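Q: 3D, please:
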Amino acid sequence: MKASTLAKLQQAALDGACQLFYFDQSGFSASPPVQRGWSPIGEPHRVFPQPHCKRSVLGALDFGANLLTYHTSKTTIKRPDVVQFLEQIARESTPGLTTVVVLDNASIHHNIDQETIDRWFLEHRMVLFYLPSYSPEPNLIEILWKHAKYHWRRFVTWTKENIDAEVKKLLDGFGSDFQIRFS
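A: Below is the predicted model:
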């Protein structure tokens, strides 16, 4: 049932009848995820990790416009960060259109004050659409995170001095330098 509802919401977003956002958080580490590597014969492959150099990212993928809104943080994402980010999405939503935000069942996505949820609906026509447990596949922003980490990211180790600029360059490149077709 959720899959058929999502398909209808996607079509409505493409037709301009609503705004559909796929929301989730992710993390970027200074050392790229190593899936394969090479080195000269006889020498081990070396990647030098920067252990305390990570960034947490909250992201919302606007399905109809194919745009990414994001916020980076040097600290772990907590529920108040999620609420604040969703508040931003609500304020920036198109007036007069219903805004649907698709979320997974991470604990920090739940237990949002009912007053806040009601206010988002009344003031901004924004509703939250929770996916079933253990089903990340329908959340299309997961595909974006995968591409950003494993395909678009340059295979270099970031430092404390350049991680913010590199994450910004990577995520700002979505839609122009980096694209995904969700059809």
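
Q: which residues in this protein form strands?
A: 18-29, 54-62, 67-73, 98-103, 126-130 (DSSP state E).

Q: give me the beta-bridge partners of L58?
A: Following DSSP bridges, L58 is listed with bridge partners Q25, H71.

Q: That one reaches H71, doesn't it?
A: Yes: contact between L58 and H71 holds when scored by Cβ atoms under 8 Å: they sit 4.8 Å apart. For glycine as for every other residue, the C-beta is placed from the backbone atoms N, C-alpha and C.

Q: the more surrounded of those two?
A: Per other Cβ atoms under 10 Å, whichever of L58 and H71 has more neighbours is L58, with 21 against 15.

Q: okay, the more buried one: pLDDT?
A: According to the prediction, L58 has pLDDT 97.

Q: ok, T94 - how many residues close by?
A: 15.

Q: how far away is it from T5?
A: 21 Å (Cβ to Cβ, to the nearest Å).

Q: Which parts of this protein are helices?
A: Counting by DSSP state H, the segments of the chain that form helices are 2-14, 79-92, 114-124, 141-147, 163-172.

Q: which of those helices is buried the deepest?
A: Mean neighbours per residue, mean count of other Cβ atoms under 10 Å, is largest over the helices of the chain for helix 141-147, with a mean of 18.

Q: Identify the residues contacting that helix?
A: By Cβ atoms under 8 Å, 6 or more residues apart in numbering, the residues outside helix 141-147 that reach it are 22-24, 26, 59-61, 68, 136, 174, 178, 180, 182.

Q: Between these, which sits nearest Q114?
A: Nearest to Q114 among those is F23, at 18.7 Å by Cβ to Cβ.

Q: OK, contacts around S56?
A: Q25, S26, G27, T72, S73, K74, T75, T76, I77.

Q: Most neighbours out of the residues you listed, which is it?
A: Within the contacts of S56, most neighbours by other Cβ under 10 Å means Q25, with 22 neighbours.

Q: if I read this right, that one contacts V57, doesn't it?
A: Yes: using Cβ under 8 Å, Q25 is in contact with V57, at 6.4 Å.

Q: Tell me how far the most centrally placed residue in the chain lies from T69.
A: The centroid of the chain falls nearest to G59 when counting by Cα atoms, centre = their mean (3.2 Å). Counting by Cβ to Cβ, the separation of G59 from T69 is 7 Å.
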